[in-house]
Structures are given as C-alpha cells and as structure tokens.
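> Give me a model of this one.
(chains A and B)
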Amino acid sequence: MKRLVIAVIAGFLFGLGLAVSQMINPVKITDFLDVAGNWDPSLALVMGGALAVTLISFRLVLKRSRPVYADRFNLPIRSAIDRKLVGGAALFGIGWGLTGYCPGPATASLSLGLFEPFVMVAAIIAGFVAHRFIFERSQ
Amino acid sequence: MENFTPYSAFAGGILIGIGITLLLLFNGRIAGISGILIGALFPEKGDWMWRFLFLIGMVAGAAIHHYFVPDSFVPRSGYPVALLASGGLLVGFGTRMSGGCTSGHGICGIARNSPRSFVAAFVFIVCGAITVFVVRHIAGVAS
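Numbers count the residues shown, from 1 in each chain, chains lettered A, B, ... in the order given. This is a model prediction of the structure:
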C-alpha cells in the first residue's frame, strides 16, 4: 500500500515536471533537436535539472542496503553495449525527431484533450507489440 | 533563441528528478517510462498496480498544471498523422529494443553512471537531430 502511494506521488511529480518544463509540447522537443534552425536549448536544462537532483540522490540512496518500502533495489543488469542497444536508440531517436514525443510526454499529455497524444501512445504500443513478435517469440 | 525557457525548464527538471528519487528511495524502482508502460501493458504477476498508478499520477500531474495554466503552449495542429504514427511506432520499437527512453537512459542511467545509457542517450539525440534536419530543412515539413 505504501509503495502504491509513493508510485502515485512520484508519477505526479514527474508529470507535473514535464508540464512545467513544457516538455509535453512536441515543438519544444523538435526545436531542441533543430540545431541548424531556431535552436531551443530548454530540453538540455530539463535534463540538467533532473540530473542535478539524481546525480546526488542516486549516490546517497544506493548506499543504503535496501529501499525504505521494498526488499531490494531493482536495477537494470544488462551492461553490454551491443547492436540492439545502438540500433534501438537510433530507431527511437528517429521516431523522436519525427514526432517530438517520447513515451513520458506522450502519456502525460493524454489528459489535455489533444488528438496527437492518442495517436502517439497507440503507435508506441503498436511498436512494443511489433518488438514482441519479432524479438521475444522464442523466449 | 527567443523560444528558450531556462527557468521553467530547470524547475521542471528538478520536479522530475525528485519524482525519480522518491521511486528509487522508497520502492527501489527506476523511473523509466517506456519500461513502466511495457510492464503496465504486459503485466507480470504482482508487478502491475504500481506501474498503473505511476502512469495515472503522471497524467494527473500534467492535467493539474493544465488546469491552473491552461495556455502554457499552443498545441501543434495539422502535423501529418502519417509522420506521427510511423514515428510513434519507431519510438515504441526502439525503446523496447534498447531497453529505455529519455527518462530511463537519459536521466536514470546517466545518474547511475551506466555506459550503456551514455551511449544510448548520445545515439538518440544525434539521430533525433538528423531526423529533424531532414524533416524540417530538406523535406520542408513545418512544425
């Protein structure tokens, strides 16, 4: 129960942060990526703000033997820099540039009554499903 | 650079960083949105509810901001749906393939000093920039 309350609060702060920083506006994203045009560096400062907190907090938090409400830290274990990592990141980058949305802002802006986020989230889910069919069948 | 909004960007980034920190400190979880979405859509036993509630919280956070600041941005209109749909497909496929998106690799992974995430973030930003260059300056699609 406590963990669920934390999940809602953490999600709320995340969504609020995306809205305050205007990252839910896809034009802010494409303007950041448009280094040859009317460049908008805002996204770098969003990452900077988030990293200013997490670079310090992760160090302190991960010194603990366990989280406050869970038995262990659930961290990614993969460490290989392989074709899947680079290829996947490249495909994601192309999709990000084409749309101006990544998964967080697309989901958070579902509440704004706009058309684009619905198309985006549906297409992202279709992409997950396609990946399942192609790469996860034998597992 | 008249579209640059440094203060709100940094403030929003700090809020995101606090949310990510809470999830790790209390629940031991990494706030990577593509991973949370996947787990919410294809659930494993006992691992669904927190993901669902995190996403609800995220939608609510953006909704409350919109309620108090309704005109924070002018929504893009008339952007080609074909670009949105194909791009969204690539975002879903690519984040699943590389195991993370802007939040998981770009913020959490870099904060954990993960070489995988540094590489992923570099690659998706460079590919995003090349794509926008092609879409805006070569194909001439306005956005």
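
> Show me the shaky parts of chain B.
B:1 (pLDDT under 70).

> need the longest helix for it.
Criterion DSSP state H: the longest helix present in chain B is helix B:6-27.

> what comes into contact with the helix or strand just after that one?
Downstream of helix B:6-27, the next assigned helix or strand under DSSP states H and E is helix B:33-41. For helix B:33-41, the external contacting residues (C-beta atoms under 8 Å, 6 or more residues apart in numbering or on different chains) are A:14, A:102-104, A:107, A:124-125, A:128, B:47-48, B:51-52, B:54-55, B:58, B:92, B:95-96, B:99-104. Just so you know, the C-beta spots here come from the backbone N, C-alpha and C atoms, and that holds for glycine as well.

> can you give me the helices for chain A?
Remark: helices assigned in chain A by DSSP H are A:2-20, A:26-33, A:42-61, A:83-99, A:103-108, A:116-135.

> and if you look at chain B?
Along chain B, the stretches classed as helices by DSSP H are B:6-27, B:33-41, B:49-68, B:81-98, B:110-111, B:115-132.

> can you put those helices in a markdown table and add mean neighbour count?
Below are the helices of chain B laid out as a markdown table (neighbours: other C-beta atoms under 10 Å in any protein chain shown):
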| stretch | mean neighbour count |
| --- | --- |
| helix B:6-27 | 23 |
| helix B:33-41 | 22 |
| helix B:49-68 | 20 |
| helix B:81-98 | 24 |
| helix B:110-111 | 22 |
| helix B:115-132 | 22 |
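
> As a markdown table, the ones you listed with distance to B:Ile138 would be great.
Shown next, in a markdown table, are those (distance: least, C-beta to C-beta, whole Å):
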| stretch | distance to B:Ile138 |
| --- | --- |
| helix B:6-27 | 28 |
| helix B:33-41 | 29 |
| helix B:49-68 | 33 |
| helix B:81-98 | 14 |
| helix B:110-111 | 31 |
| helix B:115-132 | 10 |
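
> hmm, back to that, please identify the most buried of the helices of chain A.
helix A:103-108 (a mean of 29; mean count of other C-beta atoms under 10 Å in any protein chain shown).

> Many thanks, I have nothing further to ask.
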